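# Quick one: sequence plus predicted model below, questions after.
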Amino acid sequence: MENSRIVIDGTALTCEQVVRSAREDVTIAIAPEGVERARAAWRVAREVAETRPVYGRTTGVGANRVVDVEWEDADAHGLRLLRSHAAGAGPLIAPEIVRAMLTVRLNQIAAGGSGVEAGALQALADVLNLGLVPPVPVYGAIGTGDLTALASTALCLLGERSWLAGADGVPERGPGYTLRSADALAFISSNAATLGEAALAVADLREMLRASMVVAALSHLAVRGSAEPYAPPVHDACPHPGQREVAAAMRTLLAFEHPVPVRIQDPYGYRAFPQVHGPALEAGEYAREIVTREVNAAAENPLVDVAGRTVWHNGNFHTAYVGLALDAARAALFQTMALAAARLGTLAEPAFTGLYPFQGATEASSGIMILEYVAHSCLADVRRLATPAALGSAVLSRGVEEHAGFSTQSARATTDAVAAYRLGLGCELVAAVRALRMQGRAPSGGPLRSAFDLAVAVLDPRVEDRPLDADIAAAADLLPRLPLA
């Protein structure tokens, strides 16, 4: 089936395809044009290295770039490079992130700028199709190349290290592949692990931001909010694209509802929702564009220029764009999650719901009181993780590598922030659906009614005091399935 197959050609990989490769049972295939690009770049790299110094092929790396590698030592040089750089630390990163890394590196090599021999493409595809991953520790990269992760991958390809297979990470020998020594630096000089995690995080982020609008509409209905803040003239007067998108979505979700507003102005969680959630939508979309551009780029150093039959030493290994885009997305995520927590507060208030405090079964019941604590615990983590990774820097390799953007840390922070956001948003969904149930109300139709029905089917209807942890988990799992239109 076509849906179970992803064809890698070096130019058109999407974040969504990275997600599928990382999390689903798909077959990875390589387009012939990707193989030919890689083959042509490898030939040019060899030709140029015979006539002039090429970083990593005929020289050492980092501060050792000034040291020439003697031809009789060339075969051993690359292997020493891989062994010395396969030195990450800490727990292993999640297998799905490693699969994302392998997918991205496969696509990058197919883009034709690395000079890695074309046989590496099929080797990486075979590993993905067999469900194998290299052991990749979490610590070792700072946004200027995932050297430790890819060196470990290379040693697995060479048979010096075992792959990991299955959910338990059982060591296993994989298909053999002889990575040429001259290609060692070219293979590991990539940000594939950072970009792979960024692609997963961005896809999850955008999914949660879409779900947020459905949950906010359910809360809006539960507190009998005013639809005035979403009126077209309001957003024509201040026409930010994300803001207008949120307002339009809220109008669609609430199109079947015509309650008489009970307040002249609602709290910011409703009244300013488009103005706060809109920037998050725009930041998420911008991050998707940046990551997509990067995973399809021949961002290699040195870059093999097939058309010009030369190589260019350059700075495309630096992922400042990615790190800054993700930093901005997390800042926007915190802002909109703060509004979600504020809406949750209104759902605990009798003045907004017409119910007992905390939607309790009796006036003295605790009801959903604990949901606020959970949501604010999640919010605290999102706030902590919103600190820009780009504020750090580093001077390495005897001072010749004097800057780092820490996009790796930004990608990791985004993964964790989205996970916390999902649970906090799940708390709001539990409270909104419970309020509507206790009021004896439901959306009148459209996608909001469909979302409500999905939630009712998985959320426990009991209102007596009881543990709500299962409710939060069920709501968080449901979020990606909530229909927006």
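Done, it's in.

# residues contacting Asp416?
381, 385 (C-beta atoms under 8 Å, 6 or more residues apart in numbering). From N, CA and C alone the C-beta is placed, and that goes for glycine too.

# Regarding it, which helix or strand does it belong to?
With secondary structure defined by DSSP states H and E, Asp416 is part of helix 407-439.

# Could you tell me how far the helix or strand following that helix lies from the centre of the chain?
Sequence-wise, the next helix or strand downstream of helix 407-439 (DSSP H and E) is helix 446-458. Its chain's C-alpha centre and that of helix 446-458 lie 27 Å apart, by C-alpha atoms, centre = their mean, to the nearest Å.

# low pLDDT regions in the protein?
Applying pLDDT under 70 to the chain picks out residues 1-2, 60, 62-75, 400.

# now the residue nearest the centre of it: how far from Arg384?
By C-alpha atoms, centre = their mean, the chain has its centre lying nearest to Ala201, at 1.2 Å. Distance from Ala201 to Arg384, counting by C-beta to C-beta, to the nearest Å: 16 Å.

# Please tell me how far Pro443 sits from Arg466.
Taken as C-beta to C-beta, the span from Pro443 to Arg466 is 26 Å.

# Revised request: answer the last question for Gly284.
36 Å.

# So between those two, which is more surrounded?
Taking neighbours as other C-beta atoms under 10 Å, Gly284 and Arg466 compare with Gly284 leading, 27 against 12.

# Look up phi and psi at that one.
When read as degrees, to the nearest 10, the backbone of Gly284 gives phi -60, psi -40.

# thought it was touching Leu205?
Yes: Gly284 is in contact with Leu205 according to C-beta atoms under 8 Å; the separation is 5.1 Å.

# so what sits against both of these two?
Ala329.

# what are the ranges of the helices in the stretch 101-250 of the chain?
Counting by DSSP state H, counting those that start in this stretch, the stretch 101-250 of the chain has helices at residues 119-130, 147-158, 184-188, 192-222, 232-236, 241-253.

# angle of the first one against helix 147-158?
The reference is to helix 119-130. Between the axes of helix 119-130 and helix 147-158, defined by axes from the mean of the first three to the mean of the last three C-alpha atoms, to 10 degrees, the angle is 90 degrees.

# contacts for helix 119-130?
8, 21, 27-30, 34-35, 38, 99, 102-103, 105-106, 109-110, 133, 156-157, 163, 165, 174-175, 177, 179, 183, 187.

# Buried ones among the residues you listed?
8, 21, 28, 30, 34-35, 38, 99, 102-103, 105-106, 109-110, 133, 156-157, 163, 165, 174, 177, 179, 183, 187 (16 or more other C-beta atoms under 10 Å).

# Can you show me the strands along the stretch 301-450 of the chain?
Ranges of strands within the stretch 301-450 of the chain are 303-305, 310-312, based on DSSP state E, counting those that start in this stretch.

# Ile142 is in contact with Val395, correct?
No: the pair Val395 / Ile142 is not scored as a contact, 11.2 Å apart, by C-beta under 8 Å.

# more crowded one of those two?
Neighbour count, other C-beta under 10 Å: between Val395 and Ile142, Ile142 has more, with 23 against 11.

# Enumerate every residue touching the more buried one.
394, 404-406, 408-409.

# and with 10 Å instead?
If you count contacts by C-beta atoms under 10 Å, 6 or more residues apart in numbering, Ile142 has them with 194, 323, 389, 392-394, 396, 401, 403-409.

# Please name the nearest non-neighbouring residue to it.
Distances taken as C-beta to C-beta, 6 or more residues apart in numbering place Ala404 nearest to Ile142, at 4.2 Å, with adjacent residues excluded.

# Let me know how buried that neighbour is, in neighbour terms.
Ala404 has 24 neighbouring residues, counting by other C-beta under 10 Å.

# Next up, the contacts around it.
So Ala404 contacts 141-145, 318-320, 323, 389-390, 392-396 (C-beta under 10 Å, 6+ apart).

# and which of the residues you listed is nearest Gln17?
Nearest to Gln17 among the contacts of Ala404 is Thr319, at 19.6 Å by C-beta to C-beta.

# how many neighbours does that closest one have?
Number of residues near Thr319 (other C-beta under 10 Å) recorded here: 30.

# Double-check Leu157 against Arg180; I have them as touching.
No: using C-beta atoms under 10 Å as the test, Leu157 is too far from Arg180 to be in contact (11.1 Å).

# can you list residues touching both of the two?
Listed contacts common to Leu157 and Arg180 are 120, 187; contacts here mean C-beta under 10 Å, 6+ apart.

# circling back to that earlier point, switch the helices of the stretch 101-250 of the chain over to JSON lines; also include distance to Ala340.
Output for these, formatted as JSON lines (distance: least, C-beta to C-beta, whole Å):
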{"stretch": "helix 119-130", "distance to Ala340": "37"}
{"stretch": "helix 147-158", "distance to Ala340": "34"}
{"stretch": "helix 184-188", "distance to Ala340": "41"}
{"stretch": "helix 192-222", "distance to Ala340": "7"}
{"stretch": "helix 232-236", "distance to Ala340": "21"}
{"stretch": "helix 241-253", "distance to Ala340": "13"}
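
# just the buried members of the contacts of Ile142?
Among these, the ones that count as buried by 16+ other C-beta under 10 Å are 194, 323, 389, 401, 404-409.

# Relative to Val246, which of those is nearest.
Gly323 (26.2 Å).

# Contact partners for the closest one?
Gly323 touches 142-143, 194, 198, 290, 388-390, 392, 404-411, 413-414, counting by C-beta under 10 Å, 6+ apart.

# about what we covered before: and for Val395 and Ile142, which residues touch both?
In contact with both Val395 and Ile142: 401, 403-404, using C-beta under 10 Å, 6+ apart.

# rewinding a little: quick one: the helix holding Asp416 to helix 446-458, angle?
80 degrees.

# when you give positions from now on, start the count at 103
That works, and once the first residue is 103, the last one we named lands at helix 509-541.

# can you pull the buried residues of helix 509-541?
Within helix 509-541, the residues scored as buried using 16+ other C-beta under 10 Å are 509-540.

# try stretch 437-454
Across stretch 437-454, burial judged by 16+ other C-beta under 10 Å covers 437-450, 454.

# end to end, how far does stretch 351-364 reach?
Using C-alpha to C-alpha, to the nearest Å, one end of stretch 351-364 lies 22 Å from the other.

# Confirm for me that Pro452 is in contact with Phe460.
Yes: contact criterion C-beta under 10 Å: Pro452 and Phe460 qualify, at 9.1 Å.

# starting at the chain centroid, how far to stretch 413-433?
The chain centre lies 15 Å from the centre of stretch 413-433; the measure is C-alpha atoms, centre = their mean.
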